[in-house]
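**Student:** the sequence and its predicted three-dimensional model are supplied below.
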Amino acid sequence: MPTSFFLNNVKNLLRNLRQEPISALPRRLTAIARPKLFRLSEEAAYRTGFGPLVARAYRGKGIALMFHEIHPDVDAELRTGCSAAQLDRIIDAVRADGRDIVTIDEGLRRLEEPESAPFALLTFDDAYRDNRTNALPVLEGAQAPMTLFVPTGMITRSIYAWWLGLREIIKTGDVLDLPAMSRSFKCEDLASKMSTMRTVTGWIGTDQTRADALAPVFAAKGIDIASLVARYAMDEAELREFAAHPLVEIGAHTQSHRFLSGLDEAVVLEEFKANKAYLEELLGRPVRYLAYPYGTPGACGEREAYLAALAGYRASFTTRAGHLFAAHLEHPQLLPRIDVGYAPQSPAALASRLSGLHRAMSTRFGSPVATRA
Ligand SMILES: [Zn+2]
């Protein structure tokens, strides 16, 4: 049997697992079945060893990996981040896969050069204090550089970090009443707490008004967002010290970390410019790279890409699935980036992201080069 025949069959199987027989199922069941089928497909590809072959066209010269919080106890924070051990494992897996971990400058240089070696970028969002206490020792041990994307409001405590408020209520209570959603959630154990966190975050989607609708709930429960931000995020002195480390580069992440697509053009441009100016003034060095908050096609697109270039950024990162290719140099303001900083993470899920299979399946074997979607 020719290999190509076999590979095509595997491809079809994966494509079908992603799409089938879902259309016939009721909508609610579909929402549960789809991610499960996706995971099963990844698992099948991993176990058969055919993932990298099926996804060969999706493997780019580079990959940008995304992390957020690095928790000492992932369960205590409802698995919204990952552990230092997981970060360490991912660094090992990336290197075993033949990639060097480099700075964004070096990565972009390698994309320009056909003969250069494959690479990976490590990026962290939002300026959590645990990046300094838990991630940096791992990065030092591995001699791996990283970029931290910093929203001004996290450092100045002026950000509306609804996700921290939501997590705090769910962590500390057994019930969450959300009148805006017309729902009441029981969250008595870790599984139900995690599922509530996912459901509410999914409901908010890219709608800032829904995020704002949580404010009265925070007020009623005595949740003070500014104190939560102070508990979890670096302050100016900490950021300055962190930024001075030779393995650390600082990037931009807007002033207020809102869904940009819902804001007026002038407001978005100001979000980009003021954040850049704040960080450059605080750190005394140029800030050349940006990560869009949320980063999904619903949260940022062509307009934001145009404004990011106008604000003076050299390249900007989304959370679109996919690897980095030379073709991205022609439109460097919507670069794909892969979330690997969540727990628990199966070896199959990580392998799928590192091989490119994750984008292949997410796009139903669409274009390997992520731009708008
Ligand atoms: Zn963020």
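**Tutor:** All right, it came through fine.

**Student:** every contact and neighbour count from this point should use C-alpha atoms.
**Tutor:** Will do.

**Student:** residue of the stretch 151-300 of the chain with the smallest distance to the ion?
**Tutor:** P293 (4.7 Å; CA to the ion).

**Student:** so that residue: helix, strand or coil?
**Tutor:** coil (DSSP: H, G, I helix; E, B strand; the rest coil).

**Student:** what's near enough to touch the closest residue in space to it that isn't next to it in sequence?
**Tutor:** Spatial nearest neighbour of P293, excluding adjacent residues (CA to CA, 6 or more residues apart in numbering): H257 at 5.5 Å. Each residue near H257 by CA atoms under 8 Å, 6 or more residues apart in numbering is listed here: 151, 153, 159, 293.

**Student:** which element is the second one on?
**Tutor:** Secondary-structure assignment from DSSP states H and E places G153 in helix 152-156.

**Student:** helices or strands up against the helix or strand just after that helix?
**Tutor:** Per DSSP H and E, the first helix or strand lying C-terminal to helix 152-156 is helix 162-172. Packing partners of helix 162-172 (3 or more CA pairs under 8 Å, 6 or more residues apart in numbering; DSSP states H and E): helix 190-204, helix 215-220, helix 225-232.

**Student:** a markdown table for the ones you listed, including distance to the ion?
**Tutor:** Listed next are the helices and strands packed on helix 162-172 as a markdown table, based on distance: least, CA to the ion, whole Å:
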| stretch | distance to the ion |
| --- | --- |
| helix 190-204 | 14 |
| helix 215-220 | 19 |
| helix 225-232 | 13 |
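
**Student:** a markdown table please, covering those helices and showing mean neighbour count, mean pLDDT and distance to A135.
**Tutor:** Shown next, in a markdown table, are the helices and strands packed on helix 162-172 (neighbours: other CA atoms under 10 Å; pLDDT from 0 to 100; distance: least, CA to CA, whole Å):
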| stretch | mean neighbour count | mean pLDDT | distance to A135 |
| --- | --- | --- | --- |
| helix 190-204 | 16 | 95 | 23 |
| helix 215-220 | 14 | 96 | 30 |
| helix 225-232 | 17 | 98 | 14 |
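
**Student:** turn those into TSV, columns for distance to G284.
**Tutor:** TSV is the format used below for those (distance: least, CA to CA, whole Å):
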stretch	distance to G284
helix 190-204	36
helix 215-220	36
helix 225-232	23
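
**Student:** and the gap between S158 and M234?
**Tutor:** 13 Å (CA to CA, to the nearest Å).

**Student:** which of the two has more neighbours?
**Tutor:** Each of S158 and M234 has its neighbours counted (other CA atoms under 10 Å); M234 has more, 24 against 15.

**Student:** now the more buried one: how far from I101?
**Tutor:** Counting by CA to CA, the gap from M234 to I101 is 25 Å.

**Student:** what of Q345?
**Tutor:** Taking CA to CA, one finds Q345 at 21 Å from I101.

**Student:** of the two, give the one with the bigger neighbour count.
**Tutor:** Neighbour totals were compared for Q345 and I101, and I101 leads with 24 against 12 (other CA under 10 Å).

**Student:** so that one touches T147, yeah?
**Tutor:** No: the criterion here is CA atoms under 8 Å, and I101 misses it with T147 at 11.5 Å.

**Student:** so what sits against both of the two?
**Tutor:** With CA under 8 Å, 6+ apart as the test, I101 and T147 both reach L122.

**Student:** give me every residue in the stretch 151-300 of the chain lying close to the ion.
**Tutor:** P293 (CA under 5 Å from the ion).

**Student:** where does the stretch 151-300 of the chain dip in pLDDT?
**Tutor:** Residues of the stretch 151-300 of the chain meeting the criterion pLDDT under 70: none.

**Student:** one more pass at 90, please.
**Tutor:** Applying pLDDT under 90 to the stretch 151-300 of the chain flags residues 205-208.

**Student:** got the domain ranges for this protein?
**Tutor:** 3-51, 55-157+233-362, 162-226 (automatic domain parsing).

**Student:** neighbours of P52, how many?
**Tutor:** P52 has 18 nearby residues by other CA under 10 Å.

**Student:** double-check that it belongs to a strand.
**Tutor:** No: secondary structure assignment (three-state DSSP) places P52 in helix, not in a strand.

**Student:** so it touches R353, yeah?
**Tutor:** No: when contacts are counted by CA under 8 Å, P52 is not listed as touching R353 (10.1 Å).

**Student:** wait, what's in contact with P118?
**Tutor:** Counted by CA under 8 Å, 6+ apart, P118 has contacts 60-62, 98-100, 110.

**Student:** P179 now?
**Tutor:** By CA under 8 Å, 6+ apart, P179 has no neighbours at all.

**Student:** if I look at it, how far off is R210?
**Tutor:** 11 Å.

**Student:** picking that back up, just name the most buried of the domains of the chain.
**Tutor:** Mean neighbours per residue, mean count of other CA atoms under 10 Å, is largest over the domains of the chain for domain 55-157+233-362, with a mean of 20.

**Student:** how long is that one end to end?
**Tutor:** Across domain 55-157+233-362, first to last residue, CA to CA, it's 12 Å.

**Student:** do stretch 131-141 as well
**Tutor:** End-to-end for stretch 131-141, by CA to CA: 14 Å.

**Student:** repeat that for stretch 243-261.
**Tutor:** Start-to-end, stretch 243-261 (CA to CA) is 30 Å.

**Student:** circling back to that earlier point, how far away is the residue nearest to P293 from A309?
**Tutor:** 18 Å.

**Student:** need the pLDDT of L354.
**Tutor:** L354 is assigned a pLDDT of 97 by the prediction.

**Student:** so it makes contact with D92?
**Tutor:** No: look at L354 against D92 with CA under 8 Å: they stay out of range, at 12.0 Å.
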